[in-house]
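Peer 1: Provided below are the primary sequence and the corresponding predicted coordinates.
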Amino acid sequence: MSNFLILRKTLTFQDLPTHLECLLSEGEIPDDNQGSADGRLGPSTVVLDHTSGFEGLLFVDDDLLGVIGHSNFSSIRATTCVFKGKWVYEVLISSQGLMQIGWCTLNCRFNQEEGVGDTPDSYAYDGNRVSWTCCLIDLDEGTITFCLNGQSLGTAFSNIKMGPGIAFFPAISLSFKESVAFNFGSRPLRYPPLISSNKLLGYIKNVLCTAIDSQEEKLIEKSSSFWQLQGEPTVLVTLVHIFNHFAPLMCKVYLVEDVLMNFLLGILEGGGSVDEHPLIQQLLDLFWLLMEDYEVSECLKQLMMSLLRAYRFSPIIPDLGFQIHYLRLTTAILHHENYVTFDVLRSVVFFYIKTPLRVKEAGLEELIPTTWWPTQFDKEGKDERNTREESADERLRRRAYERGCQRLKKRIEVVEELQIQILRLMLNSKDKGTGEASRYIFLNKFRKFLQENASNRANPTVLCPPEYMVCFLHRLITAVRSYWDEGKKKIPDYVNSEEAYVPPQLFYNGKVDYFDLQRLGGLLSHLKKTLKDDLAFKANIIIDPAELQATSMDDLDEDEESGAAQALRPFGSATATGGALTRPSWLSSPTLGRANRFLSTAAVSLMTPRRPLTPPEKVKVRMLAVEQRTEQDIEGSPGNDGLLLGRPLEEPDQPITEKSLLEILDGIVLMYNLSVHQQLGKMVVVSDDVHEYAVALKDTEEKIARCPSRRVDILEELQKSQKVFAEKLNHLSRRLAWINATIYSKEKMFDIYWLLRVCIRTIEHADNTGSLFAFTPEFYLSVAMNSYSALKNYFSSANSMEDLPGYEDTLTQLAAILAKHFADPRIVGTDMKDSLMQALASYVCYPQSLRAVERISEDQRVAMMKNLLAPYEQRPWAQTNWILVRLWRVSYIYISYVLHLSNALIESDLQSPCPSHLLQRHMAELLRQDKEMGASFLNSVLNQLNWAFSEFIGMIQEVKNKILLRVLEMTVTLVSEIFLDWSRPSAELLLRRLAQLLNQVLNRVTAERNLFDRVVNLRLPGLESVDHYPILVAVTGILVCILMDSERRGAAAVLLSDPCFQLHSIQHLLGAGESDVAGADRKHFSLHAYKDYISAEEAQKVGQMLDFLTDESKQAAASTPTSEEDLCPICYAHSISAIFKPCSHKSCKERDLSKDCHFFKVKRVFAQNKLKTSETC
């Protein structure tokens, strides 16, 4: 630190400097120069060797002292080795898995199975489940000793290998997700000699608490709260001399951490608000006044890093005292007017509340002494708790457990409130003083943070951990909404936070960087070229042709990529590589992704007066990189709309809120899409574990109750299992209480719901812009769908969605978005189209969301059904079929189908039928009125079914053929005239194709000892859903509809005339007409066997249909020509009904694939009355 001393000015104040030096020299132990220490080799500053001294995949902190394992068993050593003398280092352990800490030589070779202590010339201690481990090596005596939390564990190794060429490196091996922090001397050990720093801080405090009585000429004590920077000159000069010694010391990391941080923490130990402790603010005032700028910057940077490290590794105690203590000091520091955020947000650790792995460590047994879990479950395994049915003991346990959960929640809320205060200080836009306001510093770093996480999706080791993201998101939402509402109070014209949204101009005016994230309309370079006229007309933005050409050449490589490849690469093309990687400085490091070039360096023009008949008035817009933006670039100025440049005509001319808050809101939506939603889904596993163990415990208790008393051995094993399950449930129920309080609480649910509504309103406003909707980033639609899914599936049953304000209106708005955009031509991404289709399919599966679909406008409903009935070649047909099936009415076919699947345990989560008669009516009207569309739709269905059953071996494990049959059954039932009204051009052809398909399906499924029959009887794993029932019951429904519920003579004639018709296949439905070849023990299919699903009246109706077909079959057989001369010479199945002229070849009318003769290219003439008369087709 000699450079610091040279730069400081020489000060004199009588004999005070000499006096201070004498005081400081008393009892001080001089520091050794580490760089010249004997017995060591390597850099003077010891860190982890992240370049060559590692094995496996590791995640190393910025300071190269903290490490997290990211492979099965990783190892890493330090950069410096020792060969003689006595040496020590400390390790702070923050996880509880397998790790081996000790020493190794350069010759040690580690792998994924062998680490420190497993190879020759390496020595280690298993650090599992400890806090502080101290590793000491005595190379004079040849011993290695370990200390645990300050207490020696004795000599672990003696007579270690020593001699020429032998030197030992500090080393560690740790398993996946285990984390530690090393201290090689850059921070204080347990009892280091830090006398001078403590003395100087004491002197400063004494001076601040002392006043000079000029009249009495003596010193008097006073409260430090009354001290002001503009105090007496004598006091200030005294402080100057003290800081002359104190300032250089505050540039040393270990002095800042052990002396300054502990001193400041001691000031806050008395409790109370931060404002009640002005001494901290006074000290910071003196820092800025009496220290050089570089000294203050370095000191505060190290202080914040020390606080962050202490918060991250502090143990969890019942009152969360450590976390509260560190957060209060952080808040006090950020309160200072001259504080600059530096790298405080390089990590979001300050906003994370870690989940304890062991409940004892967090004191959860004291907070929640009584545990509880559901004991009654429905057929789907969900808790169906009814407070009226639970016993008195269960009720008492549940209430005691809920009280414990409330106590835990209140303690966690204290930490959360402090975290929100920190964020509010960082979002303060009024503290700029002589520099830039905190909000704009935060905003630029926040955008870089998002870019780094979005551009490295393929490399998870450099991403912010998702558990941190979840907590950060909730705190940021609360802080942003508080500032939003405060702005609304000051400016009533602002929009309330409940109605917040992101205006569409942010998506195309280039003011916000989206770093290559996919847009709904495809690549940004493509949108700029194709929609440049729309931008000029609707948003008054004109792109200079020279810039447009330059951008086109720059993005040429991107344009050559296929659309599918682009859709699969929404987050850049970073590739994960093995090795030890330095942790990214999340909010302060240089951006890794390519900057958004849209309008970035272009001569962009703005037409301020909206006069379409006159040439636009161009105004140059200055575009800057993210780190160079200022408050004026974001908030705007007179004549400059800032972030809202280019307001479209459809967007209301009303201020929303401060523009900087809009960009932060946009970042919140992106952050949810990056990793928050996935993390919400991962944490549900604890609730699932509780359910599984509760079911297992209940089953074990039932077995104990049924166990005979004479089987003592079985009873003992069951009791052991019961004890294990109960202990596990006690642990999991307390851990679940922690997760529910930190992640799935009612307040967190409101945050996700608010985010859902923000996305819905944003999509609606963007949709109103017409073609400019294509500029909207895809993640807005993704977050809208995922947040709804999270609210529905992830949050506990105690927090019902029905309790959310405006819940039904929100469902309706989301339904309108899904109904409109699943077939929106402005959306080109294949993945996004599939996601929208799947979301709509899920939406119609549940009564509440299906009712929301019915509440959208009639035009939207009709348009949705029309898109669903469009030809299948335009999109994947499986999702469309599923949607149409879920809309099908509650017929006996449908109920039976669902109940049978559930009974067979094929899909236990299949929802009960919730048909929509309204949407069925729309479908029927569309098919009835638009004859061309109806024929096209049915031809698509029949084509797919023909293919499915022709490729039956490959389709045997799929249910698509069954779903297609269900769609066909619905269509026949709703609009039977499409097949039976022969005045329609395609009716006869469709009916013949339908008859052909039904006969083929019946012949394949009912034939004994064929492939289908063998597969059903084998009952192979994965083929449980392959059964006669689902297929035959759909075919039965179609036959009943066309033969019993309508004009049946014509339909029966077509069915019987098909060459594939076999009466015994239809008799198979009721078990009739079966041969006894298979033996008496063989079970035959019959609808009579499914009495639980099919009523007697329904079975009777099928019997009547069978009788009718039997009679018709006999009559048809009697009228069938017996002479071969009367049969069609092509098919030999139908009578001759057509003559081709002039060749005179004969055929049947059914062979109508062509109007030409099969032998000569001449037109056909149909004969009537056995060829006595004829007419030209």
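Peer 2: Done, it's in.

Peer 1: after the helix-or-strand element of the chain with minimal mean pLDDT comes which helix or strand?
Peer 2: Using mean pLDDT, DSSP states H and E, strand 605-606 stands out as the lowest-scoring helix or strand of the chain, at a mean of 32. Going down the chain from strand 605-606, the next helix or strand is helix 631-635, by DSSP states H and E.

Peer 1: mean confidence for that next one?
Peer 2: Here helix 631-635 scores 80 as its mean pLDDT.

Peer 1: List the buried residues of the strand or helix carrying R424.
Peer 2: Under the criterion of DSSP H and E, R424 resides in helix 392-426. Under the neighbour-count criterion of 16 or more other CB atoms under 10 Å, helix 392-426 has 394, 397-398, 401, 404-405, 407-409, 411-412, 415-416, 418-426 buried. (Each C-beta comes from the backbone N, C-alpha and C, glycine too.)

Peer 1: Using CSV, write out every CA atom in the next helix or strand after it.
Peer 2: Note on helix 392-426: by DSSP H and E, the next helix or strand toward the C-terminus is helix 438-454. Extracted in CSV, the C-alpha atoms of helix 438-454 (Å, rounded to 0.1, in the frame of the first residue of the first chain):
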residue,chain,number,x,y,z
SER,A,438,-29.4,5.3,-8.8
ARG,A,439,-32.3,4.1,-10.9
TYR,A,440,-30.5,4.7,-14.2
ILE,A,441,-27.3,3.0,-13.0
PHE,A,442,-29.4,0.1,-11.9
LEU,A,443,-31.3,0.0,-15.1
ASN,A,444,-28.3,-0.3,-17.3
LYS,A,445,-26.7,-3.0,-15.2
PHE,A,446,-30.0,-4.8,-15.0
ARG,A,447,-30.2,-4.9,-18.8
LYS,A,448,-26.7,-6.3,-18.9
PHE,A,449,-27.6,-8.9,-16.3
LEU,A,450,-30.6,-10.0,-18.5
GLN,A,451,-28.4,-10.1,-21.6
GLU,A,452,-25.8,-12.3,-20.0
ASN,A,453,-28.4,-14.7,-18.8
ALA,A,454,-30.3,-14.7,-22.1
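
Peer 1: what's helix 438-454 packed up against?
Peer 2: helix 392-426, helix 631-635, helix 659-671 (3 or more CB pairs under 8 Å, 6 or more residues apart in numbering; DSSP states H and E).

Peer 1: ok, and what's touching the strand or helix carrying L814?
Peer 2: Per DSSP H and E: L814 is located in helix 807-821. Residues from elsewhere that reach helix 807-821 (CB atoms under 8 Å, 6 or more residues apart in numbering): 753, 756-757, 760, 763-764, 767, 781, 784-785, 788, 801, 804, 827, 836, 839-840, 843, 848-849, 852-853, 855-857, 860-861, 863-864.

Peer 1: Over to stretch 1056-1070?
Peer 2: 992, 995-996, 999-1000, 1002-1003, 1006-1007, 1032, 1036, 1039, 1055, 1073-1074, 1084-1088, 1099, 1102-1103, 1106, 1109-1110, 1112-1113, 1116, 1131, 1133-1134, 1150.

Peer 1: any idea what sits nearest L153, other than its immediate chain neighbours?
Peer 2: Nearest non-adjacent residue to L153, counting by CB to CB, 6 or more residues apart in numbering: F146, 4.9 Å away.

Peer 1: same thing with K748?
Peer 2: H474 (5.7 Å).

Peer 1: The one you found contacts F750, doesn't it?
Peer 2: No. Applying CB atoms under 8 Å, one finds H474 not in contact with F750, separated by 9.9 Å.

Peer 1: before we move on, back to that, in helices only, show me the contacts of stretch 1056-1070.
Peer 2: Secondary structure assignment by DSSP state H places 992, 995-996, 999-1000, 1002-1003, 1006, 1032, 1036, 1039, 1055, 1099, 1102-1103, 1106, 1109-1110, 1112-1113, 1116 of the contacts of stretch 1056-1070 in helices.

Peer 1: and H245, how many neighbours does it have?
Peer 2: Number of residues near H245 (other CB atoms under 10 Å) recorded here: 19.

Peer 1: Am I right that it sits in a strand?
Peer 2: No. Using DSSP: H, G, I helix; E, B strand; the rest coil, the assignment for H245 is helix, not a strand.

Peer 1: right, and it touches L200 too?
Peer 2: Yes. Look at H245 against L200 with CB under 8 Å: they come within range, at 5.9 Å.

Peer 1: State the distance from the residue nearest to K748 to M801.
Peer 2: For H474, the distance to M801 (CB to CB, to the nearest Å) stands at 18 Å.

Peer 1: More neighbours: the two, which one.
Peer 2: Set side by side, H474 and M801 show unequal neighbour counts under other CB under 10 Å, the larger going to H474 at 24 against 15.

Peer 1: just checking, that one is part of a helix?
Peer 2: Yes. Assessed by three-state DSSP, H474 belongs to a helix.

Peer 1: quick one, helices of the stretch 651-800 of the chain?
Peer 2: Secondary structure of the stretch 651-800 of the chain, counting by DSSP state H, counting those that start in this stretch: helices at 659-671, 677-706, 712-742, 746-767, 778-793.

Peer 1: and of the ones you listed, who's closest to N456?
Peer 2: Nearest of these to N456, taken as CB to CB: helix 659-671 at 14.2 Å.

Peer 1: now for the closest one, which elements pack on it?
Peer 2: So helix 659-671, by 3+ CB pairs under 8 Å, 6+ apart, packs with helix 438-454, helix 466-490, helix 631-635, helix 746-767, helix 778-793.

Peer 1: Assign a three-state SS to the residue nearest to L153, would you?
Peer 2: Once three-state DSSP is applied, F146 turns out strand.

Peer 1: That one and V180: what is the separation?
Peer 2: Going from F146 to V180 by CB to CB gives 14 Å.

Peer 1: likewise C22?
Peer 2: C22 is 43 Å from V180, by CB to CB.

Peer 1: now swap in E141 and tell me
Peer 2: 27 Å.

Peer 1: same deal with Y1090?
Peer 2: 63 Å.

Peer 1: So between the two, which is more surrounded?
Peer 2: Between Y1090 and V180, counting by other CB under 10 Å, V180 is the more crowded of the two (21 against 16).

Peer 1: can you tell me the helix or strand for the more buried one?
Peer 2: Assigned by DSSP H and E, V180 falls in strand 179-183.

Peer 1: That strand - contacts with which helices or strands?
Peer 2: Using 3+ CB pairs under 8 Å, 6+ apart, strand 179-183 sits against strand 66-69, strand 86-93, strand 169-175.

Peer 1: Quick one: residues in contact with it.
Peer 2: With CB under 8 Å, 6+ apart as the test, strand 179-183 has contacts from 48, 61, 65-69, 78, 89-95, 99, 101, 127, 170, 172, 174, 189, 309, 313.

Peer 1: Put the buried members of the residues you listed into a ChimeraX selection.
Peer 2: This is the ChimeraX syntax for the buried subset of the contacts of strand 179-183, where burial follows 16+ other CB under 10 Å:
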select :48,61,65,66,67,68,69,78,89,90,91,92,93,94,95,99,101,127,170,172,174,309,313
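
Peer 1: quick one, what contacts L408?
Peer 2: L408 neighbours (CB under 8 Å, 6+ apart): L364, L367, I368, A737, W738, A741.

Peer 1: Now do the same for it: its pLDDT.
Peer 2: pLDDT at L408 comes out at 90.

Peer 1: circling back: of the helices and strands packed on strand 179-183, which is nearest E113?
Peer 2: Among the helices and strands packed on strand 179-183, if distance is taken as CB to CB, the winner is strand 169-175, at 10.2 Å.

Peer 1: ok, that closest one: who's next to it in the sheet?
Peer 2: Strand 169-175 sits in its sheet next to strand 73-77 (antiparallel), strand 99-104 (antiparallel), going by DSSP bridges.

Peer 1: Having no further points to raise, I will conclude here.
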